[in-house]
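Asker: please find the sequence and the predicted model below.
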Amino acid sequence: MNWYLNVLKNYVGFGGRARRTEYWMFVLFNFIVSIILGILDGVLGTAPLLGGVYALAVLLPSIAVSIRRLHDTDRSGWWMLIGLIPLIGAIVLLVFFCLEGTRDNNRFGSDPKLA
């Protein structure tokens, strides 16, 4: 939960770097919350309301942490646009998000593991 709160504190911080742990914990927490809200929507009969509001609320932090994750692998945030290519783009981004970040400093900042 602490990783999730750290990402939300840096709500639209597109600069810097994000470790794999920060990124994947944020994704995991979003996944769990989305499932819970989906169940609540089904029980309450409010179909996409709660899940939709939550998705809009975390849209910018999700983009920001994804760009910071790409920065950790020494790639520009513009690589996010490759996700627009069906299937192949998602696979490429998944590989990038799973790669270890560059050691020491890179053009996007210092190594977050050393901080």
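Answerer: Received, thanks. Numbers count the residues shown, from 1 in each chain.
Asker: list the contacts of the helix or strand bottoming out on mean pLDDT in the chain.
Answerer: Sorting the helices and strands of the chain by mean pLDDT, DSSP states H and E puts helix 2-9 at the bottom, at a mean of 74. Residues outside helix 2-9 that contact it (Cβ atoms under 8 Å, 6 or more residues apart in numbering) are 18, 21-22, 25-26, 29-30, 61, 64-65. Every residue, glycine included, has its C-beta placed from N, CA and C.
Asker: show me where the protein has its helices.
Answerer: For the chain, applying DSSP state H gives helices covering 2-9, 20-44, 49-57, 59-72, 88-98.
Asker: could you tell me the angle between the first one and helix 20-44?
Answerer: Right, helix 2-9. Counting by axes from the mean of the first three to the mean of the last three Cα atoms, to 10 degrees, helix 2-9 lies at 90 degrees to helix 20-44.
Asker: residue ranges with poor pLDDT in the protein?
Answerer: Applying pLDDT under 70 to the chain flags residues 1, 3, 115.
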